[in-house]
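[1] need a 3D model of the sequence below.
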Amino acid sequence: MIRFILRRLLASIPVLMLVSLITFGLLWLVPGDPASMFLDAGATAEALDRVRREMGLDQSFPVRMGHWYMRLLQGDLGQSLLLNRSVVGAILERLPVTLSLTGLAFVVSVLLGVAAGVVAAVRHGRLADQGMMTLALIGLSIPEFWLGLVLIWLIAVLVPIFPAGDYVPFTTDAWQWARHIALPTFSLACVQMGFVARMTRSSMLEVLGQDFIRTARAKGLPEPYVVVRHGLHNAMVPIVTVMGIMVGALLGGAVVTEQVFSIPGLGRLIIGAVLSRDFPVIQGGLLFLALIYLAVNLMVDLLYAAIDPRVRLE
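    As a prediction, the model looks like this:
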């Protein structure tokens, strides 16, 4: 197990380097001059050249890339061009907000999605099955930003139950945190909830048709025990795989959701950096998102062995 973790950690290093290389290359190949963001429209060419020298934009692409990797190996992601602070500091300030949103959306989508999938599988071909799968299909078909806008109009404006936006830290006021994060969490989790429900139903139907399930029922074991202990337990490996994929989708969806609900998270920081051409913040933010995704997938691989001893990680 230890060797497996070490191998995965070592394998993640070139992945992060490749992500940073692609991000760096694409950003610096985008037309336009970031230095112009700091000057008025009537700025002189001399002033523009001075700002470009201060930002290092007068250097060649290989030199800039070499400096980027040297700083990266030292844990330095550079300075934000507009925030006038370190990129690491700006990201760490916003990261807990994004993690709380995506983490809560992950828990909600898994719990409700697995429950709906199990009910649909147990009631296969009946009204409950058709109703659950219809709701799952609707959830998969609705974009997060559109659902977020509808929720704001219905539950924050028309019937003011929850706030329409903004964010309150959990450490400041847990109740207000829950009220402010409820709508964006449901908006973000809706698509993944449907995805998990369909995968759970498919996996459960396959397991419930196995001989050991019929044997357990023939022994007179209670049906809930058979479904949960024998059925769901053996159907969890493909479901866990879906959970790993979900994390990437949730992190990507959080970028849009934070914009819709005015949540000051990492996604909103990256969007603002894109609009202002703050390249160091974009590169650092995407690198952090890739790191989170790799860490979660490592935990998913470790869960395989805990759920199914037949899975060997060594």
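[2] please enumerate the helices of the stretch 201-314 of the chain.
    With helices called from DSSP state H, counting those that start in this stretch, the stretch 201-314 of the chain shows them at 211-218, 223-225, 233-234, 236-260, 266-276, 279-307.
[3] would CSV of those with distance to residue 90 and mean pLDDT be doable?
    C-beta coordinates here come from the backbone N, C-alpha and C atoms, glycine included. Below are the helices of the stretch 201-314 of the chain laid out as CSV (distance: least, CB to CB, whole Å; pLDDT from 0 to 100):
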stretch, distance to residue 90, mean pLDDT
helix 211-218, 53, 87
helix 223-225, 49, 86
helix 233-234, 43, 83
helix 236-260, 15, 84
helix 266-276, 6, 85
helix 279-307, 6, 80
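[4] among the ones you listed, which comes closest to residue 189?
    Among the helices of the stretch 201-314 of the chain, helix 236-260 comes nearest to residue 189, with 7.9 Å by CB to CB.
[5] in the closest one, what's buried?
    236, 239-247, 249-251, 253-260 (16 or more other CB atoms under 10 Å).
[6] what's the angle from that helix to helix 266-276?
    Going by axes from the mean of the first three to the mean of the last three CA atoms, to 10 degrees, helix 236-260 is angled at 50 degrees with respect to helix 266-276.
[7] low pLDDT regions in the protein?
    Across the chain, the ranges flagged by pLDDT under 70 are 1, 4, 27-43, 54-57, 305, 308-314.
[8] center of it, which residue is that?
    Closest residue to the average C-alpha location of the chain: residue 251 at 1.9 Å, with CA atoms, centre = their mean.
[9] my guess is it contacts residue 289, does it?
    Yes - counting by CB atoms under 8 Å, residue 289 is a contact partner of residue 251 at 5.2 Å.
[10] output the helices of the stretch 201-314 of the chain as JSON lines; include the columns distance to residue 137.
    Converted to JSON lines, the helices of the stretch 201-314 of the chain look like this (distance: least, CB to CB, whole Å):
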{"stretch": "helix 211-218", "distance to residue 137": "27"}
{"stretch": "helix 223-225", "distance to residue 137": "27"}
{"stretch": "helix 233-234", "distance to residue 137": "26"}
{"stretch": "helix 236-260", "distance to residue 137": "16"}
{"stretch": "helix 266-276", "distance to residue 137": "27"}
{"stretch": "helix 279-307", "distance to residue 137": "25"}
